[in-house]
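S.K.: sequence unknown, structure follows:
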RNA sequence: GGGCUUAUAGCUCAGCUGGUUAGAGCGCUACACUGAUAAUGUAGAGGUCCGAGGUUCGAGUCCCCGUAAGCCCA
């Protein structure tokens, strides 16, 4: 049997063929089945949404996922990968609305909820085919036959189970969140609606800079500015920026002319006070509001005043808890206002958040049902508790036509504050403000009911659990995610939509009784009771759909016999995906054993944009309900940008089509490029040139090396059936490359283990290109094609085979198709492994006994020395084919000499030199260079380094000699003498006078360029061999074909050269004879430097 | 506005705990090699290590403040 030989390999075709092979032989399934009973490695697939087409960034994300699943499989773990689809949510709804040409308004009117949801169900899998296609073509192994689907009834039942668990733990509650709200339309607005063009308009509002009196002072105030004075009655706190500088200013109120002390940001002083008035005589102030004197008394940071208390500005409604403190707010700026922000927990989203974090209470009243309510009702009017202004609309626009008062509420409040010495400044202010697209009237930020998961209750636990997760990169875990947890707010689950998982909570009309349903069985039980109570006509069916509108029709009966209706909300789709560890197995209703064995995940990977999405919801549900992490290792990968670093977008036309890329360059080069080029967590500037380079440089070199191996191994029928030649019996270079190979195995294994795929890929390609191809193969070429099939040849084949096979195995997680082909091509002949695919083998284990650091060191020396000689030859323009007699090598120490000697032959043949002459001190010709060892001396002498370094650099040869002799030398420094030893300096040989030398690091080489007659002759012989080889090739001869050479008589030198090297020439060119004739007819004229030879070759 | 990331040769990236000539590949230029040959080798040119401060005997590396780009959040 022969190794397969290729003429030009098309990597994309290889991938297609290998894919076919995988399918025919169920390789993926086998990779899981053959690990039955082995320890499991659990991977969770973050579900993509199939209502859009996949992009090149999905290839990136999925390559990362695939690599570690394959790697762990090779390591012997059983790695199940259940695929999944994210199917609910707004994007699906919007797409359907676009297709149907309707808006949310039309649902329930032009189209029933039932029909609408049916359309969503159909649309959501629209591009499933393309996704499946991509999955296969890129070689992403994931179980597509039995994926989890978030709209599936079983999946949703598990969600209900989890929600009920939250409910039972008291972690699911109804609260409010601040959302854009249109009182005129009586409805909340989505951010989508707010982003409509024309929504934001410039309006002039009455703005007030109010004075909040510091507790315990007579006339010291915090200044805070607002464009919505009506919210001042709901003030809960004042927010400052902790890093912002603030000042305390003495001045007068411009309306009451009373002396006051005010606090505001330093940067805002100039906006409130005119520079001319600074330092004016206070006593001379005329109380006319003009030229009000002021002086800055104190300056401090925002964080210094956090926690200070002040008096309520408009004390109509008392808070039910702590309030009226200075708190930190991350949104505070000094762009406008005073740098102190009035915060109302009921009328601002930021406000609510910082109040919650700082424990400040909202200003609330009780509505008719006794529930908490804000001080503005749903129509936009002040409630009766605001006695002075009860019933007034907070915006004049809300009044019916012609009924609006002259003085708006904002103005009236401003007047009141002025009178009470609480207004520092009142003015009209023009700014951009959102308006309702339906009513054209201003939007309010208003608290609306929502259901929450009380994530804050277990914040500390979530933080602790997070610290046990291995994040790649670490900064995303401690920074982006860690900070997010530190500033956690409760998770708002409510969505007012149609296509999603309904909240399984039923409530009586007086809201006195609540029921949370945790399973379909439970729902049936409750429905049975309801049927009995006469609220429902019949039991729900066995195939009851948990979606709207069906669940909305279910009316339950409370303990007290009252009707219960479902809360109309759907839950956040992020809950869907965060619940996948449980719901994908329909836990706890089925598959408890599978769930237990696969929880938590060992590994997940997704884009860094999922940090607060999927990563968080997984973590929150696991932490809150199960007190566990949901995943132990996580890679948060970056974005895929275009080659200029811009975001890819279909609109700009710079998006890369993944299918085109895969079919043109093949998945292996694409995947390898993505992984090798940048760490997954850095953004990738995707450049197709880079893919081409990978193809050529890495895959090409590897394939070349294989072809080289296959060519000769086939000629010698090498099939690795003869048993390994012991490593110690192999040549120095064999043992070297094997040592490197085993070091590589260790390093690559460690890189994968540490979730560093980029490191692994770079290690492999460096080894392949530099060590294996450019050094080992190049130096050992002749061993493969010259002479008979003996032990030395066999050793060479075995060595190269092992290298290729190991590269295939190590690389297979990253480049699964090509590496499988390479592996199969090798293994098909040798049968060393009992496996049909590389993905069914075991990950290589390094043989420590073969790793030889000293050997690796000395080969590095050989490479350095060869490189130096090459550069010298180049300098003197002496080509490598011309042999030279010797090089001189100054000996640094015994170890150096020993190491060079053991690789002497390699160097000599590589650079075509006859011998190496070692020279040492004794010769007296060497010029030494002394350099201080900064690292060592610096640790000891620190500040004296400059002086020491100067002294050492000025050493005379006698001083160096003394140091080398006695191993110590005293330096006289300003502060007294110090003693240094040989270890404190680095001595190198810099020059050999009279020779052409080259130096790299500590190695110096001199080249003897004298050409003797014998050397010249040998050079001619080598040139001839070279030309003859070319002729052979031109004639189309095979490597093993024999020839006869006939050369026309030439100059004495050439003739002598041929005679002297006859044997060598014949051996190299596979010539049976070499004749020198008086004349040669039909010969080729060969030009070799100044020589011209007429040569005829016959097969 | 906040958090996080990135910034080193024309391009893509290395540069470990600070140690004195800042590296590699691609590209470019020149030369060499020629039974791996649509390969390969050697050399050269090419760097205010984003900017400004600071710590230190010594900073690409540590600290602070900025700038630019990206992401998430507001």
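M.R.: Structure received. Keep in mind that what you see is a predicted model, and the values were worked out from it rather than measured. Numbering: from 1, shown residues only, chains lettered A, B, ... in the order given.

S.K.: Which residue comes closest to residue A:843 once chain neighbours are left out?
M.R.: With CB to CB, 6 or more residues apart in numbering as the criterion, residue A:843 has its nearest non-adjacent residue at 3.9 Å, and that residue is residue A:74. The C-beta positions use only the backbone N, C-alpha and C, and glycine is treated the same way.

S.K.: where does chain A dip in pLDDT?
M.R.: Residue ranges of chain A with pLDDT under 70: A:190-198, A:288-290, A:650-652, A:921-925, A:990-991, A:1039.

S.K.: does the residue of it found nearest RNA strand B count as helix, strand or coil?
M.R.: As assessed by CB to the nearest atom of the strand, RNA strand B sits closest to residue A:938 within chain A, at 2.2 Å. The local conformation at residue A:938, judged by DSSP: H, G, I helix; E, B strand; the rest coil, is helix.

S.K.: Neighbours of it, how many?
M.R.: 15 (other CB atoms under 10 Å).

S.K.: pretty sure it is touching residue A:946, no?
M.R.: No. The pair residue A:938 / residue A:946 is not scored as a contact, 10.7 Å apart, by CB atoms under 8 Å.

S.K.: residue contacts, the residue of chain A closest to RNA strand B?
M.R.: Residues in contact with residue A:938 (CB atoms under 8 Å, 6 or more residues apart in numbering) are residue A:945.

S.K.: Likewise for residue A:322?
M.R.: Residue A:322 touches A:359-361, counting by CB under 8 Å, 6+ apart.

S.K.: got the residues of the stretch 301-450 of chain A near RNA strand B?
M.R.: Taking CB under 7 Å from any atom of the strand, the part of the stretch 301-450 of chain A that reaches RNA strand B is made up of A:330-333, A:335, A:349-350.

S.K.: These in strands, which ones?
M.R.: Secondary structure assignment by DSSP state E places none of those in strands.

S.K.: picking up where we left off before, separation between the residue nearest to residue A:843 and residue A:753?
M.R.: Separation of residue A:74 from residue A:753 (CB to CB, to the nearest Å) stands at 12 Å.

S.K.: Same check on residue A:533?
M.R.: Distance, residue A:533 to residue A:753, using CB to CB: 61 Å.

S.K.: before we move on, back to that, selecting buried members of the residues of the stretch 301-450 of chain A next to RNA strand B in ChimeraX, what would you type?
M.R.: Buried members of these, identified by 16 or more other CB atoms under 10 Å, are gathered into one ChimeraX selection as follows:
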select /A:332,350
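
S.K.: from the residues of the stretch 301-450 of chain A next to RNA strand B, which ones fall inside helices?
M.R.: Those of these mapping onto helices are A:349-350, per DSSP state H.

S.K.: In the residues of the stretch 301-450 of chain A next to RNA strand B, find the pair that's most separated.
M.R.: The distance between the two most remote of those (CB to CB) is 18.7 Å, for A:335 and A:349.

S.K.: which helices and strands sit right next to the helix or strand residue A:906 falls within?
M.R.: Element membership for residue A:906 (DSSP states H and E) is helix A:904-911. Applying 3 or more CB pairs under 8 Å, 6 or more residues apart in numbering; DSSP states H and E, we find helix A:904-911 packed against helix A:732-753, helix A:778-785, helix A:853-875, strand A:913-919.

S.K.: I'd like to know if the second one reaches RNA strand B anywhere along the stretch.
M.R.: Yes. Part of helix A:778-785 sits close enough to RNA strand B to count as contact by CB under 7 Å from any atom of the strand, namely A:778, A:781, A:785.

S.K.: Report the contact partners of the second one.
M.R.: Contact criterion CB under 8 Å, 6+ apart gives residue A:708 as the residues in contact with residue A:781.

S.K.: repeat that for 7 Å
M.R.: Counting by CB atoms under 7 Å, 6 or more residues apart in numbering, residue A:781 touches no other residue.

S.K.: How about the one 5 residues further on?
M.R.: For residue A:786, the contact set (CB under 7 Å, 6+ apart) is empty.

S.K.: nearest to residue A:635, of the residues of helix A:778-785 next to RNA strand B?
M.R.: Taking CB to CB as the measure, residue A:635 sits nearest to residue A:778 out of the residues of helix A:778-785 next to RNA strand B, at 37.6 Å.

S.K.: What's the end-to-end length of stretch A:24-44?
M.R.: 27 Å (CA to CA, to the nearest Å).

S.K.: need the helices for the stretch 51-200 of chain A, in chain order.
M.R.: A:56-74, A:90-100, A:113-123, A:128-137, A:153-168, A:191-194 (DSSP state H, counting those that start in this stretch).

S.K.: go on, the stretch 601-750 of chain A?
M.R.: According to DSSP H, counting those that start in this stretch, the helices that the stretch 601-750 of chain A contains are A:614-626, A:658-677, A:688-693, A:700-715, A:732-753.

S.K.: mind giving me a markdown table with those helices and columns for distance to RNA strand B and mean neighbour count?
M.R.: Shown next, in a markdown table, are the helices of the stretch 601-750 of chain A (distance: least, CB to the nearest atom of the strand, whole Å; neighbours: other CB atoms under 10 Å):
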| stretch | distance to RNA strand B | mean neighbour count |
| --- | --- | --- |
| helix A:614-626 | 9 | 22 |
| helix A:658-677 | 4 | 23 |
| helix A:688-693 | 5 | 16 |
| helix A:700-715 | 4 | 19 |
| helix A:732-753 | 12 | 21 |
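
S.K.: In a markdown table: those, plus distance to residue A:462.
M.R.: Formatted as a markdown table, the helices of the stretch 601-750 of chain A follow (distance: least, CB to CB, whole Å):
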| stretch | distance to residue A:462 |
| --- | --- |
| helix A:614-626 | 5 |
| helix A:658-677 | 32 |
| helix A:688-693 | 40 |
| helix A:700-715 | 47 |
| helix A:732-753 | 27 |
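
S.K.: which non-adjacent residue is nearest residue A:1075?
M.R.: Leaving aside its sequence neighbours, residue A:1075 sits nearest to residue A:1046 (CB to CB, 6+ apart; 4.9 Å).

S.K.: my read: the one you found touches residue A:1079, true?
M.R.: No. Residue A:1046 lies out of contact with residue A:1079 (CB atoms under 7 Å); the separation is 9.9 Å.

S.K.: what's the spatially most central residue of chain A in contact with, if anything?
M.R.: Nearest residue to the geometric centre of chain A (CA atoms, centre = their mean): residue A:681, 1.6 Å. Each residue near residue A:681 by CB under 7 Å, 6+ apart is listed here: A:472-473, A:608, A:635-638.

S.K.: Mark which of these are buried, thanks.
M.R.: Neighbour counting with 16+ other CB under 10 Å marks A:472-473, A:608, A:635-638 as buried within these.

S.K.: for the helix or strand where residue A:886 lies, packing partners?
M.R.: Counting by DSSP H and E, the secondary-structure element that holds residue A:886 is strand A:884-890. Counting contacts by 3 or more CB pairs under 7 Å, 6 or more residues apart in numbering; DSSP states H and E, strand A:884-890 packs against strand A:913-919, strand A:1003-1008.
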